[in-house]
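> Just need the structure, nothing else, for what follows:
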Amino acid sequence: MHTHIAEAIKKPDLISLRPDVICLRFETMKIYSALGAVRHLLESGAVEPGDTLVDSSSGIYAQALALACHRYGMKCHIVGSTTVDRTLRAQLEILGVTLEQVRPSKNLRLDQELRVRRIAEILEANPSYHWMRQYHDSIHYLGYRDVADTIAREVPDGPLALVGGVGSGASTGAIATYLREAGRDVSLVGVQPFGSVTFGSEHVSDPDMIIAGIGSAIPFRNVRHELYDRIHWVNFDCALSGAVELLRSSGIFAGLSAGAAYLTTRWERTRDASRTHVFIAADTGHRYVESAYARHAQAPDIDTLKPREITSLDELGHPWSTTSWSDLLVPHGS
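Next up, the predicted model:
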């Protein structure tokens, strides 16, 4: 029996779509990150029960940090993107979170810069607040050790390919690191949107892409570029195609990042059939109904999609590009 809802909903489901393709499906994955980080801060004495934790979020981390604060008796202040919807806003308010949302922005960079600027103002006015720094503080790796242990325990021995959105770098980076430290042969495949600076696609825009959580308009120090073996850049249409096909073929209703990861996994499996491919579905599809799933009839046939294999970031282009990261002529950010 669980003593708090956060402990219950953090548990992932491993769903075998075929013998060598497994979906690591979460209700909301970042609860692992938030719980592990807050627990470490309390145990190390960096914060005390009742202190206020503050951070920026486009939505998923806000819920995770709110639940972690509720679990450990902390106060929570979130500077949210305009993507924080009515459903989440109501939950945060009831959980006692102080939520403020920045003004609507024309692009992701401005949205993130506004949020970071507001965080600085809050900390200056409230020096006792602790900034969680989800994008930069490596304590957000800690909670994912349990996820790596789950994979090690439930996925049969043998080489793995772990596929997922890069985002802050903590989830895919940490899971792969802990598995490798335990002796598992793991190829790490990161998924990015176009327009993200993290792996150098900022010069290729995708105005339709709404999965800001897997990319970034500003550098994230938690992304350890050297951990990643391959990178895929996927646009909105391709991510939608993957999400729709994932739901149609398996019944798994997940977010757009899961659709992009599923699409990527199908391709990676044709390249290397020697590995079991585990792809991450970080959240459910509910917040993408109007913006994505309602357009399912427009989704391209997934069997018609094929990535462009590139050897230089100058070759990046829609709708889908991929590369062996270590082989790029001019590695970006490494």
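
> how about the strands in the stretch 101-250 of the chain?
Counting by DSSP state E, counting those that start in this stretch, the stretch 101-250 of the chain has strands at residues 130-131, 160-165, 186-192, 230-234.

> mind listing what the longest one pairs with, with the direction of each?
The strands that strand 186-192 pairs with in its sheet are strand 160-165 (parallel), strand 230-234 (parallel) (by DSSP bridges).

> now the helices for the chain?
Assigned by DSSP state H, the chain shows helices spanning 5-9, 30-44, 60-72, 86-94, 108-125, 145-154, 170-181, 236-250, 256-271.

> Pick out the shakiest of those, pLDDT-wise.
Note on the helices of the chain: helix 108-125 shows the lowest mean pLDDT, a mean of 84.

> So for that one, what gets flagged as buried?
Neighbour counts over helix 108-125 (16 or more other Cβ atoms under 10 Å) mark L108, D111, Q112, L114, R115, R118, I119, I122 as buried. Placement of C-beta: from N, CA and C, glycine included.

> ok now that helix, how far from the chain's centre?
From the chain centre to the centre of helix 108-125 is a distance of 21 Å (Cα atoms, centre = their mean, to the nearest Å).

> And for that helix, what's in contact with it?
For helix 108-125, contacts defined as Cβ atoms under 8 Å, 6 or more residues apart in numbering pick out 54-56, 58, 77, 79-82, 100, 102-103, 105, 129, 131, 195, 212, 215-218.

> Please repeat the previous calculation with a cut-off of 10 Å.
Residues from elsewhere that reach helix 108-125 (Cβ atoms under 10 Å, 6 or more residues apart in numbering): 52, 54-58, 77-83, 98, 100-105, 107, 129-133, 135, 193, 195-197, 202, 205, 209-210, 212, 215-218.

> Could you tell me which of these count as buried?
Neighbour counting over the contacts of helix 108-125 (16+ other Cβ under 10 Å) leaves 52, 54-58, 77-81, 83, 101-102, 129-133, 135, 193, 195-197, 202, 209-210, 212, 215-217 as the buried ones.

> Now distance to D301 too, for the helices of the chain, in JSON lines please.
Formatted as JSON lines, those follow (distance: least, Cβ to Cβ, whole Å):
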{"stretch": "helix 5-9", "distance to D301": "34"}
{"stretch": "helix 30-44", "distance to D301": "32"}
{"stretch": "helix 60-72", "distance to D301": "29"}
{"stretch": "helix 86-94", "distance to D301": "32"}
{"stretch": "helix 108-125", "distance to D301": "29"}
{"stretch": "helix 145-154", "distance to D301": "31"}
{"stretch": "helix 170-181", "distance to D301": "28"}
{"stretch": "helix 236-250", "distance to D301": "7"}
{"stretch": "helix 256-271", "distance to D301": "12"}
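
> Using CSV, lay out the strands of the stretch 101-250 of the chain together with mean pLDDT and distance to R295.
Below are the strands of the stretch 101-250 of the chain laid out as CSV (pLDDT from 0 to 100; distance: least, Cβ to Cβ, whole Å):
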stretch, mean pLDDT, distance to R295
strand 130-131, 97, 37
strand 160-165, 98, 20
strand 186-192, 98, 20
strand 230-234, 97, 16
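
> wait, doesn't I9 sit right on R25?
No. Using Cβ atoms under 10 Å, I9 is not in contact with R25, being 12.0 Å away.

> These two: which is more packed in?
Remark: of I9 and R25, R25 carries more neighbours, 22 against 15, as counted by other Cβ atoms under 10 Å.

> Run through the residues that contact that one.
12-15, 246, 250, 252-254, 258, 279-284.

> Just the closest of these to R153, please.
For the contacts of R25, the closest approach to R153 (Cβ to Cβ) belongs to L14, at 9.7 Å.

> What number of residues are in the vicinity of that closest one?
Neighbour count of L14, defined by other Cβ under 10 Å: 14.

> and which of the contacts of R25 is nearest L35?
Proximity of the contacts of R25 to L35 (Cβ to Cβ) peaks at P12, which lies at 13.6 Å.

> ok, that closest one to I175 distance?
10 Å (Cβ to Cβ, to the nearest Å).

> Find residues that contact each of the two.
L24, Y32, D146, V147, T150, I151, I280.
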